[in-house]
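Novice: Sharing a model prediction with you, sequence too.
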Amino acid sequence: QLGQDGHRRMSSVIGVGIDLVDVDRFAATIARRPKLITRLFTDHEIADAAGRPERLAARFAAKEAALKVMGSGIGAAPFASIEVRRAESGAPSLVLHGRAAELAERCRIGNWQLSLTHTHRTAGAVALGLS
């Protein structure tokens, strides 16, 4: 990356977070409490997952991994304030809003790297917070 002065700037890793989700258990929870989907995910994420529980579970894992990077746990920021986006290439990224963005700023995180994976049984995510 280039800094404002045009010189190459190195990013430092601020933190690493990882999370795994059991897809069947996650799907059962969503089935029991359907309103939970709109509390956990943005409209964009719901549409991008196309009704596939493993895709939602991977996005949920990403949100938990991001909170771990910031040294926070569940409840530190609304889950919907941590949004997983997908580039045309398919590469996932994180966009933070509101309270989650404030937490990232406090941790001096300016960039994120995100990796998602899933099978029909398990979904996981690894998040890196970079300066």
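Specialist: Noted; the coordinates are in hand.

Novice: A101 is in contact with S81, isn't it?
Specialist: Yes - using CB atoms under 8 Å, A101 is in contact with S81, at 7.3 Å. For glycine as for every other residue, the C-beta is placed from the backbone atoms N, C-alpha and C.

Novice: can you list the weak-confidence ranges in the chain?
Specialist: Counting by pLDDT under 70, the low-confidence segments of the chain come to 1-9.

Novice: which residue ranges form the strands in it?
Specialist: Per DSSP state E, the chain carries strands over the ranges 13-22, 82-86, 92-96, 111-118, 122-130.

Novice: Sheet partners, orientation included, of the fourth one?
Specialist: Within its sheet, and counting by DSSP bridges, strand 111-118 is paired with strand 122-130 (antiparallel).

Novice: May I have the strand it pairs with exported as PDB, CA atoms only?
Specialist: Extracted in PDB, the C-alpha atoms of strand 122-130 (Å, rounded to 0.1, in the frame of the first residue of the first chain):
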ATOM      1  CA  THR A 122     -19.100 -27.000   9.100                       C
ATOM      2  CA  ALA A 123     -18.400 -23.300   8.300                       C
ATOM      3  CA  GLY A 124     -15.400 -21.400   9.300                       C
ATOM      4  CA  ALA A 125     -13.700 -18.000   9.000                       C
ATOM      5  CA  VAL A 126     -10.300 -16.500   9.700                       C
ATOM      6  CA  ALA A 127     -10.000 -12.700  10.000                       C
ATOM      7  CA  LEU A 128      -6.900 -10.600  10.100                       C
ATOM      8  CA  GLY A 129      -7.000  -7.000  11.300                       C
ATOM      9  CA  LEU A 130      -4.300  -4.900   9.800                       C
END
